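In: Model the structure of this input:
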Amino acid sequence: MSRGQMISSDELKRLKEHCEQFISMNSFISTSTDEQQARVFLSVPNGAVDLESVLFEIEADPSTVTTKPFADISQDSEYPGESEILFMPGSIFRLESVMQSSENSIWIVRMKLCSDDDHHLKKSSYTYETATWK
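Out: Numbers count the residues shown, from 1 in each chain. Got it, this is the predicted structure:
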């Protein structure tokens, strides 16, 4: 699944600093099974300063996660062509890598949804908000 998003340079720096750690999302996260659809959200608005184009690539196995589910809401979405997958607030991800694409200036952030029995989650202390880390 993919999510295209513009984030600040400071936020990107924080993501780079927290590779191989866990992050918890405190709001719904909308993604798409169609990477090209996710890339639509990567254009920098006119006059925007200090924004980076980031494509989040998320791996999620529904057989290992039951307490913080995610769902295909394409049939219920106002935009069914987006192939939308929605993650619940409180979903915890392992931040696998942050790297810049060699073909353009897009940053690729790879994350994996954690399983319910991942004992390392008790050490998680980072919460991803709209544009802020705690």
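
In: Enumerate every residue touching the spatially most central residue of the chain.
Out: The residue lying closest to the centre of the chain (Cα atoms, centre = their mean) is Phe56, at 4.6 Å. Phe56 is in contact with Ser2, Arg3, Gly4, Gln5, Thr31, Ala38, Val109, Met111, counting by Cβ atoms under 8 Å, 6 or more residues apart in numbering. In short, each C-beta sits where N, CA and C put it, glycine included.

In: Leaving out sequence neighbours, find the closest residue to Ile106.
Out: For Ile106, ignoring the flanking residues on the chain, the nearest one in space by Cβ to Cβ, 6 or more residues apart in numbering is Ser53 at 4.7 Å.

In: Surely that neighbour is in contact with Ser105?
Out: Yes. Ser53 is in contact with Ser105 according to Cβ atoms under 8 Å; the separation is 6.5 Å.

In: Pick out whichever of these two has more residues nearby.
Out: Ser53 (20 against 10; other Cβ atoms under 10 Å).

In: so what's that one up against?
Out: Gly4, Met6, Leu42, Ser43, Val44, Ser105, Ile106, Trp107 are the contacts of Ser53 under Cβ under 8 Å, 6+ apart.

In: Put the buried members of those residues into a ChimeraX selection.
Out: What follows is the ChimeraX syntax selecting those of these that are buried according to 16 or more other Cβ atoms under 10 Å:
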select :4,6,42,107
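
In: wait, which of the contacts of Ser53 is closest to Pro62?
Out: Among the contacts of Ser53, Gly4 lies closest to Pro62 (Cβ to Cβ), at 22.7 Å.

In: That closest one against Phe41, yeah?
Out: Yes. Between Gly4 and Phe41 a contact is recorded at 3.6 Å, counting by Cβ under 8 Å.

In: Having no further points to raise, I will conclude here.
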